[in-house]
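[1] Build me a model:
(chains A and B, ligands or ions: 3)
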Amino acid sequence: MKIHKYDTVIVGAGGAGMRAAIESTKRSRTAVLTKLYPTRSHTGAAQGGMAAALANVEEDNWEWHTFDTIKGGDYLVDQDAAEILAKEAIDSVLDLEKMGLPFNRTPDGTIDQRRFGGHSRNHGEAPVRRSCYAADRTGHMILQTLYQNCVKEGVEFFNEFYVLDQLITEVDGVKKSAGVVAYELATGEIHVFQAKAVIYASGGCGKFFKVTSNAHTLTGDGQAAVYRRGLPLEDMEFFQFHPTGIWRMGILLTEGARGEGGILRNKDGERFMEKYAPVMKDLASRDVVSRSIYTEIREGRGCGPEGDHVYLDLTHLPPEQLDAKLPDITEFARTYLGIEPYTDPIPIQPTAHYAMGGIPTNVEGEVLADNDTVVPGLYAAGEVACVSVHGANRLGTNSLLDINVFGRRAGIAAAEYASRADYVELPENPASLVIEQVERLRDSTGSERVTEIRKALQDTMDANVMVFRTEQTIKTAVEEIGALRERYRNVSVQDKGKRFNTDLLEAIELGNLLDLAEVMAVSALARKESRGGHYREDYPNRDDVNFMRHTMAYREVGADGTESIRLDYKPVVQTRYEPMERKY
Amino acid sequence: MSSATLEKNSSAPADAESTAAHLITVTFRIRRFNPEVSDQAVWEDFQIEMDPKERVLDALHKIKWELDGTLTFRRSCAHGICGSDAMRINGRNRLACKTLIKDINPHKPISVEPIKGLTVLKDLVVDMEPFFQAYRDVMPFLITTGNEPTRERRQSAADRERFDDTTKCILCAACTSSCPVFWNDGQYFGPAAIVGAHRFIFDSRDEGGEQRLEILNDRDGVWRCRTTFNCTEACPRGIEITKAIQEVKRALITRRF
Ligand SMILES: Cc1cc2nc3c(=O)[nH]c(=O)nc-3n(C[C@H](O)[C@H](O)[C@H](O)COP(=O)(O)OP(=O)(O)OC[C@H]3O[C@@H](n4cnc5c(N)ncnc54)[C@H](O)[C@@H]3O)c2cc1C
Ligand code: SF4
Ligand code: FES
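    Numbers count the residues shown, from 1 in each chain, chains lettered A, B, ... in the order given. Ligands and ions are numbered 1, 2, ... in the order given. Take a look at the predicted model:
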């Protein structure tokens, strides 16, 4: 075991982690621990764009953006945070441009902007061009640009280090962050990083679904690490299903495709979104479009021999426009489906995409131990966190924005905290939990296999807690996940070595997914209403009287060692926008 | 209005949408190496049932998950965007997640081995550090002087287009590790680093072109390129790498870019 000491440790080198690192490296001695090489992070997969009311191509302002974000989130958004997001969006995009990001340009050389779902002029009047983009590889360009600036600033990376535990020490009755424990992939060695400030920027957890746009590595390690240490997770029942994943594979086809004029059609060629969202049509918010697609499918208007998908039709768009604006996604259709999008519609289905919930933070990125107590020295930003700017449903292009705005804020806040705080003493045997976990898995002779449990988990999640949920389906999921957690105790790995033991790490990642899936299902069961991405067929309406509040889920361990989940609730911050019915 | 209809297309995606998976037996011949076990690398065959429309990455997962958990490779996104899984498949550098089994003749054994020119650490995993170091050495970031403007820097669409191709790079190393000069000469920057330099040298906003060119000149960075086009053929992002290298060479001579 090795012990390291840094002022600030950042867990994750995606957009949020690297944006934080650029700030914190200037202000404090910083280490970035990342299980992937920074440029492999899933921010690089983001396609469509990053929202900011630059008003480069038409009238726009941040107040409209704030409103759209709150409405898009079905009023579960903390309105003070949404205002910061929309206001700081403008500088956040300009900062990236100054760092070198090659945005697409307007004829007069400013940053070009295009339409995206749920973004509107003057509180829902008509779609507005707010998304700043670099072809359909905006996330790739953000990730590259941030990495390049990390190189410039001399950011210190520990690549292929998996953070597996959060260290907390109680000082005078206050729980403080003391550091993290990491596993080095190349050697199997365990490292303790003592740090004054820790920032989680470890991304989402979409891999508990089968059809997903998320990478194999998005397994919620950060959420699970703090949750296991008794800290809450907020709004985990809210998961976004993006309308246009490649049928069966889940690979994303950006909403930008519809922003450029693409149309969804059922088997009769009908543009069905006109029925469900007369104004915004194909660009209504994602939860609305995903439900509409499944309604078409359920009512027998789905395409293909099994009627289990619909079409994204780009055939009416000029090939030059597709080449210039959507080169990557048209290539995905060619590579993975053998389809020519110039002439053929693309089979799609909703795909599990984005975790609205996560580690609760305030607007400085400080992690909360309950509804309002901050954990000194602990921060989170990006998809791992819940500020909450996305509420019950995130608008497209607001996440690349979120990682930049709140990544930056967390980086500054953590480094400033580190410059005035002292080290907190490490707990006794700081690595014991990780050592025990690793040794148990490596030595186990149990009969259960990771792949089978993971597949069963993904099957139950897709079947029971996806776009449509009921009491019955969620209960089934809770039960099945519970049984899988039991089986997981008996899991063993084949690779017993130390070097690059990805077999072992997949087992650990599965443990994290199981924990988080359970939190999601239990939170969903208790929310007896429909709001944003959480749709209950048995409670189809939003219920502001009982459920205009954030879910806070805590892990409890009884005296006899039994684990359970305790749910609590936190009020939503409302400033100037009264909840209204959401229509598009 | 729902004006357009799909009639003209109605039969088109039939191939893509045929649901029944036609499984075939495929042999994967994989180069195995684990210094914890032996200092010799060996070939190992695995026979598995696959739908030929699946990716080579799916096959590697199937082997790892169902047959041999010790098989080790890197991967993340599974759709050609993160750059983790460049490997030599049937003797050519490709991304396992972007190569469909049907496209590489599944009726013969499919060979899979690590990319060349970088130290193999275990099975298909190589040491990427020298590769990233070469990239970092070319100063791959925007260099400007003077005061920052308050708004964005202006750039015409044509100026933006000038370096569009080289912004697509995902640092997968397929190009560099297919380059015979790189295999034989540890000093050579390799195509990916030159692509990285190109992306900035030809960016109208950048003022660090001279510095970068000096770095490339100093270590004979670009001159060792013998224009074998291996890199361009290997690039999963379709970047015209040889052309980019030629443009950098020309800039070195003319000092115009
Ligand atoms: C296909 C796709 C397209 C998208 N398109 C858009 C879009 O157009 N606009 C938009 O606004 N949003 C989009 N999103 C959402 C957005 O891209 C993501 O939410 C966002 O990029 C997440 O960034 P992040 O920095 O939080 O996490 P990530 O980029 O996922 O980075 C996570 C980092 O954490 C590290 N990590 C994870 N676990 C550990 C661990 N245990 N130890 C150490 N390190 C760890 C990883 O190595 C990685 O570096 C898209 C998402 C997807 C999947
Ligand atoms: S230029 Fe192409 S082959 Fe080379 S590293 Fe970049 S993406 Fe990979
Ligand atoms: S797994 Fe990301 S490029 Fe292949």
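[2] Please make it C-alpha for all contacts and neighbour counts, starting now.
    Will do.
[3] Quick check: phi and psi at the closest residue to A:Met1 other than its chain neighbours.
    Spatial nearest neighbour of A:Met1, chain neighbours left out: A:Ile190 (5.1 Å); criterion: Cα to Cα, 6 or more residues apart in numbering or on different chains. The phi and psi values for A:Ile190, taken as degrees, to the nearest 10, are phi -100, psi 130.
[4] who's in contact with A:Ile190?
    With contacts defined as Cα atoms under 8 Å, 6 or more residues apart in numbering or on different chains, the neighbours of A:Ile190 are A:Met1, A:Lys2, A:Val181, A:Ala182, A:Tyr183, A:Glu184, A:Ala431, A:Ile435.
[5] And those residues, which is closest to ligand 2?
    When these are compared for distance to ligand 2, the smallest value, 24.9 Å, is given by A:Glu184; criterion: Cα to the nearest ligand atom.
[6] Excluding chain neighbours, what is closest to that closest one?
    With sequence-adjacent residues excluded and distances taken as Cα to Cα, 6+ apart, A:Glu184 is closest to A:Phe161, at 4.6 Å.
[7] Can you give me the distance of B:Gly117 to ligand 1?
    Here the criterion is Cα to the nearest ligand atom, to the nearest Å. By it, B:Gly117 lies 25 Å from ligand 1.
[8] what does the stretch 51-200 of chain B have sitting close to ligand 3?
    With Cα under 6 Å from any ligand atom as the criterion, the stretch 51-200 of chain B meets ligand 3 at residues B:75-85, B:95-97.
[9] Mind naming the longest helix for the chain?
    Picking chain A for this. helix A:502-526 (DSSP state H).
[10] nope, chain B
    Secondary structure of chain B per DSSP H: the longest helix is helix B:241-254.
[11] what pLDDT, on average, does that helix get?
    Mean pLDDT, taken over the full extent of helix B:241-254, equals 93.
[12] what's that helix packed up against?
    Other elements packing on helix B:241-254 under the criterion 3 or more Cα pairs under 8 Å, 6 or more residues apart in numbering or on different chains; DSSP states H and E are helix B:191-201, helix B:209-218, helix B:230-234.
[13] Can you name the residue of the stretch 251-400 of chain A nearest to ligand 3?
    In the stretch 251-400 of chain A, the residue found nearest to ligand 3 is A:Ile251; the distance is 11.8 Å by Cα to the nearest ligand atom.
[14] residues contacting the closest residue to B:Met139 other than its chain neighbours?
    Using Cα to Cα, 6+ apart and skipping residues adjacent in sequence, the residue nearest B:Met139 is B:Arg212, 6.7 Å away. Counting by Cα under 8 Å, 6+ apart, B:Arg212 makes contact with B:Val138, B:Met139, B:Ala197, B:Ile201.
[15] mind checking how far B:Arg212 is from B:Ala251?
    Here the criterion is Cα to Cα, to the nearest Å. By it, B:Arg212 lies 11 Å from B:Ala251.
[16] Would the helix or strand in which B:Phe28 is found count as contacting chain A?
    Using DSSP states H and E, B:Phe28 falls within strand B:24-32. No. Strand B:24-32 lies apart from chain A when judged by Cα under 8 Å from any Cα of the partner chain; the minimum separation is 13.3 Å.
[17] from memory A:Pro360 sits against A:Val387, does it?
    Yes. Contact criterion Cα atoms under 8 Å: A:Pro360 and A:Val387 qualify, at 6.0 Å.
[18] buried residues in stretch A:292-312?
    Neighbour-count burial for stretch A:292-312, with 16 or more other Cα atoms under 10 Å in any protein chain shown as criterion, is recorded at A:292-294, A:296-297, A:301-304, A:307-312.
[19] Among those, which are located in strands?
    Among the buried residues of stretch A:292-312, DSSP state E puts A:Val310, A:Tyr311, A:Leu312 in strands.
[20] Name the nearest of these relative to ligand 2.
    When these are compared against ligand 2 (criterion: Cα to the nearest ligand atom), the nearest one is A:Leu312, at 28.0 Å.
[21] All the strands of chain B, residue numbers only.
    With DSSP E as the definition, chain B shows strands at residue ranges B:24-32, B:42-50, B:86-89, B:92-95, B:110-113, B:120-122, B:125-126.
[22] For the fourth one, name the packing helices and strands.
    When you say that, I think you mean strand B:92-95. The criterion is 3+ Cα pairs under 8 Å, 6+ apart, and the helices and strands that strand B:92-95 contacts are strand B:86-89, helix B:230-234.
[23] lowest confidence element among the helices and strands of chain B?
    Within chain B, judged by mean pLDDT, DSSP states H and E, the helix or strand with the poorest mean is helix B:14-17; its value is a mean of 52.
[24] Regarding whatever residue of the stretch 201-350 of chain A ends up closest to ligand 2, what is its secondary structure?
    Scanning the stretch 201-350 of chain A for the residue nearest ligand 2 gives A:Asp328, at 13.1 Å (criterion: Cα to the nearest ligand atom). Remark: A:Asp328 carries the secondary structure label helix [criterion: DSSP: H, G, I helix; E, B strand; the rest coil].
[25] Number of residues surrounding it?
    The burial count assigned to A:Asp328 is 22, neighbours taken as other Cα atoms under 10 Å in any protein chain shown.
[26] Could you double-check that it sits in contact with A:Asp136?
    Yes. When contacts are counted by Cα under 8 Å, A:Asp328 is listed as touching A:Asp136 (6.3 Å).
[27] that older thread, tally of neighbours for the residue of the stretch 251-400 of chain A closest to ligand 3?
    Counted with other Cα under 10 Å, the burial measure for A:Ile251 works out to 28 neighbours.
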